[in-house]
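Engineer: need a 3D model of the sequence below.
(2 chains)
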There are 2 protein chains.
Amino acid sequence: MENFVWHNPTKVLFGKDTVPELIKLMKADNIKNVLVLYGGKAIFKNGAYAQVIKALSENKINFTEIGGVKPNPRIDKVREAVSRIKMQAESSPNEKFDAIIPIGGGSVFDSSKAIAAGALYHGDVWDFFDGKAKVESALPIYGVLTVSATSSEVNGIAVVTNPDKEAKTSMSSDLVYPRAAAIDPSFQITLPNKQTVNGGVDIISHVLERVLDGDEGAYIMDDQGYALIRNMMRIIPDLLEEPRNYDLRAEYAWIASIAHSGFLSCGREGRGDFASHKLGHSLSLLFDVPHGASLSVMTPAWARYLYEDNPVPFARLAENVFDIFDGSDEDKAIDAIEALEDFFSSIGAPTTLRELDIDEGEIERIAENASKGGAFGKLSKLEPEDVLEIYKLAY
Amino acid sequence: MENFVWHNPTKVLFGKDTVPELIKLMKADNIKNVLVLYGGKAIFKNGAYAQVIKALSENKINFTEIGGVKPNPRIDKVREAVSRIKMQAESSPNEKFDAIIPIGGGSVFDSSKAIAAGALYHGDVWDFFDGKAKVESALPIYGVLTVSATSSEVNGIAVVTNPDKEAKTSMSSDLVYPRAAAIDPSFQITLPNKQTVNGGVDIISHVLERVLDGDEGAYIMDDQGYALIRNMMRIIPDLLEEPRNYDLRAEYAWIASIAHSGFLSCGREGRGDFASHKLGHSLSLLFDVPHGASLSVMTPAWARYLYEDNPVPFARLAENVFDIFDGSDEDKAIDAIEALEDFFSSIGAPTTLRELDIDEGEIERIAENASKGGAFGKLSKLEPEDVLEIYKLAY
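Structural biologist: Numbers count the residues shown, from 1 in each chain, chains lettered A, B, ... in the order given. Now for the predicted structure:
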């Protein structure tokens, strides 16, 4: 087992009616002026926005709103919010923002982290994404989660898109973990099935990125991961039948938070594989493919491309998740990959580029984009020629 | 799923050579005078003490030592340390202690928490244990773990014995979570097999107290727990063969930390059952039975007493840990209890009061002690007459 540091400072308030508790916590922390950040109109319908505003008023905390954060969130929206905060600090130093409340899912949370760090940084916030600067301070974040999938509510990672640079890139820092997060699954009972599927694939993928990384010293955490995947494979189909079932929403939400909180990376060499994520990012960047859909397409293709040279992690997945015990490791591996693909198809997730309506002629351009930063992946280091082959397989 | 708060503030530094990192962290936190607390001589042999002292000197942090903390730690030793800290604060306010470093296992960590809280409290530290006072502040704890079992390094619980009151009781507070803990499994490769067994039983019991609590809304966390038990049943026998195997020690240590960190309680109604722990505590209190041994005796007896009225959690344990799928829930339940008992016996853990050399005539006195605080347990509320029957079964 590799050395590791495990420290997750976020205080999670999980369950019904936890928004008022979150705002009370802000009051106790002496927060006075907050920036409320959100995406589209869903938060007006699901009740989250109303609960936040009511609790802020009751606790006499001032707020300003910025909406319009998009899925696959953009750096320009982040810059807009950073400017707003800096402007206020200059024009009204006594009323400068001292916290951010993201209300939404991963996109809103990710954006809030970049904003929190950018607000206290003299240069351009994109510097954190292309490695030119390290986060040295950040405004505290108190988040209200309304779409579970990315674990952004309990980690220090932000993924943001910069269309000018054809880049969908991440930054991470211990300083941008939300100080606290209210996860009230009630807000999620109105989510459309499509989002349940996309999020569900993302959650499963966060686990797969660990258990398929080929690290043989992390079997304990692999077992934790297999159990999470098995549960997701039970929960997603049930939720598609009963989208308003609170307990299923709660189980889904809690697995989502665990999956990419960093817990499953404890003891690993590296933090996981994440080649499938990177392969998917280029699809989202160039064709605005939803994150989950990009993963249900790219994960099986990635797996098919390299299982023969690396059968063990796939064979272990076969045994521990799909109850496949017959045959050689290679046999079990390919059976597991097919079972995973079948599961994705059964819940209506795409598994080919064709289903995403991406033209075959675009493959080279996509592959070039993905390989721009050099080889990547842990189980197998993918060179540009590997990447091209994987996209071809995905077609 | 029940509402819950998940917040584990402890920073875990896990792996080889993490003690110097811990002390650097103290330096960064501006710690100047520490109380070093330990038990017996093991820490001089396993290298932990030498590493701590060297790093403290290099970082110019002053220290004072108190040794002699016993297994099933006593309140008088806690009081001794509290007096020492209060005395110093009065006589040399500029050199008052600003942190505690426990070096050892659960007893030393538990004691350090009571000391940390007692040092800043005007009254007697036992007040925290009998509910007369609530912790309102505490010195920070930076711990060095040398015996994994209790999770005390990552929770806010302290269990201390008060012989005058015939009580082995716990206090808990968010304020006594260690600020940071170095878990270097290298220190544990010299542990005698007996301790590996006692600790291992305790770790398994921490999981059983959750998965057997009868909460049907916590199946996700149950599955995490089953995976941990399965791994412990692989690791303990292997460690008894190869006590100096670092990777096995590391796996054991990490499961130990997860098991009672609070993670497995997320979403449960209550924090687990803990009747077996309470039944065991009276044995430790009255006969100084090692904590693990008290559990390998009392857990199966407790289970046998109530499985017929509550077969489901035991049947689920049968399927998910012991691969027992045949028969009714009652059949599977009793098979699982026997399998658990067999496992305990196979690693040399006692499973009867007889093996502990406790006289049958003592049973009533033990039962009275356990029931002193009234009925207890979650799966089944144990009245005094139940408790007596369970001790009889354990004989």
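Engineer: what parts of chain A come near chain B?
Structural biologist: Chain A has residues A:1-18, A:217, A:219-220, A:223-224, A:226-228, A:230-231, A:247, A:250-251, A:254-255, A:266-267 near chain B, with proximity defined as C-beta under 8 Å from any C-beta of the partner chain. (Each C-beta comes from the backbone N, C-alpha and C, glycine too.)
Engineer: where does pLDDT dip in chain A?
Structural biologist: For chain A, applying pLDDT under 70 flags no range at all.
Engineer: which SS class is A:G123?
Structural biologist: Secondary structure, DSSP: H, G, I helix; E, B strand; the rest coil: A:G123 is coil.
Engineer: the closest residue to A:G118 other than its chain neighbours: neighbour count?
Structural biologist: The shortest distance from A:G118 to any non-neighbouring residue, by C-beta to C-beta, 6 or more residues apart in numbering or on different chains, is to A:V125 (3.2 Å). A:V125 has 22 neighbouring residues, counting by other C-beta atoms under 10 Å in any protein chain shown.
Engineer: relative to chain B, how far out is A:V125?
Structural biologist: As judged by C-beta to the nearest C-beta, to the nearest Å, A:V125 and chain B stand 27 Å apart.
Engineer: list the contacts for that residue?
Structural biologist: A:V125 makes contacts with A:75, A:78-79, A:82, A:114-115, A:117-118, as judged by C-beta atoms under 8 Å, 6 or more residues apart in numbering or on different chains.
Engineer: show me what contacts A:Y307?
Structural biologist: A:314, A:330, A:333-334, A:337.
Engineer: apply the buried test to the residues you listed and list what passes.
Structural biologist: Buried members of the contacts of A:Y307, scored by 16 or more other C-beta atoms under 10 Å in any protein chain shown, are A:314, A:333-334, A:337.
Engineer: what ranges do the strands span in the stretch 201-350 of chain A?
Structural biologist: Counting by DSSP state E, counting those that start in this stretch, the stretch 201-350 of chain A has no strands to list.
Engineer: hmm, I typed the wrong one, I wanted the stretch 51-200 of chain A.
Structural biologist: Assigned by DSSP E, counting those that start in this stretch, the strands in the stretch 51-200 of chain A fall at A:62-66, A:99-104, A:142-145, A:157-162, A:167-172, A:180-183.
Engineer: can you put the ones you listed in JSON lines and add distance to A:A50?
Structural biologist: Below are the strands of the stretch 51-200 of chain A laid out as JSON lines (distance: least, C-beta to C-beta, whole Å):
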{"stretch": "strand A:62-66", "distance to A:A50": "13"}
{"stretch": "strand A:99-104", "distance to A:A50": "10"}
{"stretch": "strand A:142-145", "distance to A:A50": "11"}
{"stretch": "strand A:157-162", "distance to A:A50": "27"}
{"stretch": "strand A:167-172", "distance to A:A50": "32"}
{"stretch": "strand A:180-183", "distance to A:A50": "14"}
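Engineer: as JSON lines, the ones you listed with mean neighbour count would be great.
Structural biologist: Shown next, in JSON lines, are the strands of the stretch 51-200 of chain A (neighbours: other C-beta atoms under 10 Å in any protein chain shown):
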{"stretch": "strand A:62-66", "mean neighbour count": "15"}
{"stretch": "strand A:99-104", "mean neighbour count": "27"}
{"stretch": "strand A:142-145", "mean neighbour count": "28"}
{"stretch": "strand A:157-162", "mean neighbour count": "23"}
{"stretch": "strand A:167-172", "mean neighbour count": "20"}
{"stretch": "strand A:180-183", "mean neighbour count": "27"}
